[in-house]
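below are the sequence and a predicted model; questions follow.
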Amino acid sequence: MGVIDPREQRGKEKALDEIRGLIETAGAEVVGTLLQMRDKPDVGTYIGSGKLEELRELIQQTGANLIAFDNSLSPSQAKAIEDETKTQVVDRSEVILDIFATHARTHESRLQVELAQLLYMRSRLTRMWTHLERIAGGIVGGRGPGEKQIETDRRLIDKRITDLKHKLATVEKRREREVAGRREQMTVSLVGYTNAGKSTLMRALTGANVYVADQLFATLDTRTRAWTLPHWGQVMLSDTVGFIRNLPHHLVASFRSTLEEARHADLLLHVVDASHPEAQQQLTTVQQVLGELGVEDHHPLLVLNKVDAVEDRSFLDVLQARYPDAVSVSAVEKLGLEKLAQAVAARLSDGFLQARVEGSAGNGKLLRYLQQHSEILKTDYEENQAFYEVRLPRQFTWAVEKEGGTIVPLDGTVLNHRAPDDEAVVED
Ligand SMILES: Nc1nc2c(ncn2[C@@H]2O[C@H](COP(=O)(O)OP(=O)(O)OP(=O)(O)O)[C@@H](O)[C@H]2O)c(=O)[nH]1
Ligand SMILES: [Mg+2]
């Protein structure tokens, strides 16, 4: 069941394709669909009595035992629909959470999923609770009858949430150390809409044996592998969890550490399924989520994937005209991968700075740091001062200054330090 706002520019025929994919990925079978055009949901039942009647009929015809909504329902709306149809109701967030729960493999992603589920439950419990309180307050002037049970439930949930956050903090610390350890090397992260082909591309580029499936959210964990760029050198390439429209924000919060790689990457490759009819909307969604994660200033390199499967050439032409820097590839057919490597190398070279570093001549640590992290082009000494002309990745400028070096850019650029970020925190 989906309700779309008539003002939304989404094709009616395809409107329920994504929730269908989500439901099937979650392991259920779709036996019937119903779509409603409506600009404002009904407060009580979301879809209103007329559509509810249609829904009841459809359930009778098909024998469905679950109603999945493509929208977000309030707990009271879900309950009202369940009462009217005598059928269990789940909303879009619950379907996504369910997929995440079944696909979570590692210790970390299991913790993250459980946390997201509890936060989701708790938010509903709270709403339910205030609702009850209000009714009871109006009628008997006291607290409602269900209040005690809910309070107990809430306390239990809170305790587990605290516990999970604690455990996750430990895992996050370790991940941060791992990510920090890789600062020595250039890192590139694959991001994009779920099912865009990120893992397939990772496989094609690095030979890594990552899981690929025609499924939503096949990947939940970050994998990092070395990728050798011809005539440039080695970088670390990471594959990570995909994004989706209306991603439950508890999940975004929980997966913040999984996306840590993306936040610290020197370059993001934004993979788009160019053969998808909603490619443009998916692209915009990913840009929005990246914005929420605070990585929008990375200027991702767009990768238009699955060009082999594009049926309408003009569709691809439109995307390419709109995003002239985008690289077209086919991860499956291994097309365009050389051009992609060149584009990545070019973008990473932008990350270098030609500069003069001044420090005390006796500062052996500074010299060692420069030897390890930059290309020293020239060295001069004057009294107790040393002057090094270097080619240095921009990401290391803060560290050079920390070692006591003063940097004067020689290529007219302005220094824009990227110090290590504050600790990532799971927010609720
Ligand atoms: N035709 C075609 N199919 C592709 C291409 N790249 C990936 N696919 C298919 O798209 C589906 C999804 O690929 P994945 O690599 O698992 O996608 P993903 O972006 O990692 O997806 P999630 O991890 O679920 O977010 C698989 O069935 C792939 O075979 C391509 O270049 N052409
Ligand atoms: Mg994947």
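Sure, I can see it. Residues are numbered from 1 along each chain as shown. Ligands and ions are numbered 1, 2, ... in the order given.

can we go C-alpha only for contacts and neighbour counts from here?
OK.

in space, what's closest to residue 117 - neighbours in sequence excluded?
In space, and not counting its chain neighbours, residue 117 is closest to residue 97: 6.6 Å by CA to CA, 6 or more residues apart in numbering.

again with residue 331
On the basis of CA to CA, 6+ apart, the spatially nearest residue to residue 331 that is not a chain neighbour turns out to be residue 201, at 4.9 Å.

roughly how far does the one you found sit from ligand 1?
Relative to ligand 1, residue 201 is positioned 6 Å away (CA to the nearest ligand atom, to the nearest Å).

from residue 396, how far off is residue 411?
17 Å (CA to CA, to the nearest Å).

and the residue of the stretch 51-200 of the chain nearest ligand 2?
Closest residue of the stretch 51-200 of the chain to ligand 2, CA to the ion: residue 199 (4.2 Å).

OK, contacts around that residue?
Shown here is residue 199, whose contacts under the criterion CA atoms under 8 Å, 6 or more residues apart in numbering are 210, 211, 212, 219, 239.

wait, which of the residues you listed is closest to residue 313?
Minimum separation from residue 313 among the contacts of residue 199 (CA to CA) is found for residue 212, which lies at 26.0 Å.

next, the closest one: secondary structure please.
Of the three states, residue 212 takes coil according to DSSP: H, G, I helix; E, B strand; the rest coil.

that one: neighbouring residues, count only.
Using other CA atoms under 10 Å, residue 212 is surrounded by 16 other residues.

now residue 280
For residue 280, the neighbour count with other CA under 10 Å is 13.

and if you look at residue 42?
Taking other CA under 10 Å as the criterion, the count of residues near residue 42 is 12.

what separation do you get for the residue lying closest to it once chain neighbours are set aside and ligand 2?
What sits nearest to residue 42 in space, not counting adjacent residues and going by CA to CA, 6+ apart, is residue 48, at 5.5 Å. For residue 48, the distance to ligand 2 (CA to the ion, to the nearest Å) stands at 39 Å.

please apply the same query to residue 309.
When distance is defined by CA to the ion, residue 309 is 18 Å away from ligand 2.

hmm, residue 267 and residue 298 touching each other?
Yes - using CA atoms under 8 Å, residue 298 is in contact with residue 267, at 6.6 Å.

looking at these two, which is more packed in?
Here residue 298 and residue 267 are compared on neighbour count by other CA under 10 Å; more neighbours surround residue 267, at 22 against 16.

what are the bridge partners for the more buried one, then?
Counting by DSSP bridges, residue 267 forms beta bridges with residue 188.

if I look at it, how far off is ligand 1?
In this structure, residue 267 and ligand 1 are 17 Å apart, going by CA to the nearest ligand atom.

what about residue 353, which helix or strand?
In the assignment (DSSP states H and E), residue 353 maps to strand 352-360.

list of residues touching the helix or strand that that strand is followed by?
Taking DSSP H and E as the definition, the helix or strand that follows strand 352-360 towards the C-terminus is helix 364-373. Counting by CA under 8 Å, 6+ apart, helix 364-373 makes contact with 184, 359, 376, 392, 393, 396, 400, 403, 404, 405, all of which sit outside it.

how about 6 Å then?
Under the criterion CA atoms under 6 Å, 6 or more residues apart in numbering, residues residue 403 lie in contact with helix 364-373.

so which bits of that helix are buried?
Taking 16 or more other CA atoms under 10 Å as the basis for neighbour counts, the residues of helix 364-373 that come out buried are 366, 367, 370, 373.

now that helix: mean pLDDT?
Mean pLDDT, computed over helix 364-373, is 91.

list the contacts of the one helix or strand residue 304 maps to.
Applying DSSP H and E as the criterion places residue 304 in strand 301-305. Taking CA under 6 Å, 6+ apart as the criterion, the residues outside strand 301-305 that touch it are 269, 270, 271, 272, 273, 274, 326, 327, 328, 329, 330.

could you see whether ligand 1 lies near that strand?
Yes - in terms of CA under 6 Å from any ligand atom, part of strand 301-305 sits within range of ligand 1, namely residue 305.

mind exporting the C-alpha coordinates of that strand to CSV?
Extracted as CSV, the C-alpha positions of strand 301-305 are listed here (Å, rounded to 0.1, in the frame of the first residue of the first chain):
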residue,chain,number,x,y,z
LEU,A,301,33.1,11.9,-8.5
LEU,A,302,29.9,10.6,-10.2
VAL,A,303,30.1,7.2,-11.7
LEU,A,304,27.2,6.3,-14.1
ASN,A,305,27.1,2.5,-13.8
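
could you confirm whether whatever helix or strand comes next after it reaches ligand 1?
Sequence order places helix 313-322 as the next helix or strand after strand 301-305, per DSSP H and E. No - counting by CA under 6 Å from any ligand atom, ligand 1 has no neighbours in helix 313-322; the shortest distance is 13.7 Å.

mean confidence score for the following helix or strand past helix 313-322?
Of the helices and strands lying after helix 313-322 in sequence (DSSP H and E), the nearest is strand 327-328. When pLDDT is averaged over strand 327-328, the result is 97.

and the next helix or strand along the chain from strand 327-328, what's buried?
Scanning forward in sequence from strand 327-328, with DSSP H and E defining helices and strands, the next element found is helix 337-349. Under the neighbour-count criterion of 16+ other CA under 10 Å, helix 337-349 has 337, 340, 341, 343, 344, 345, 347, 348 buried.

by pLDDT, rank the residues you listed and give me the bottom one.
residue 348 (84).

good, we can wrap up now.
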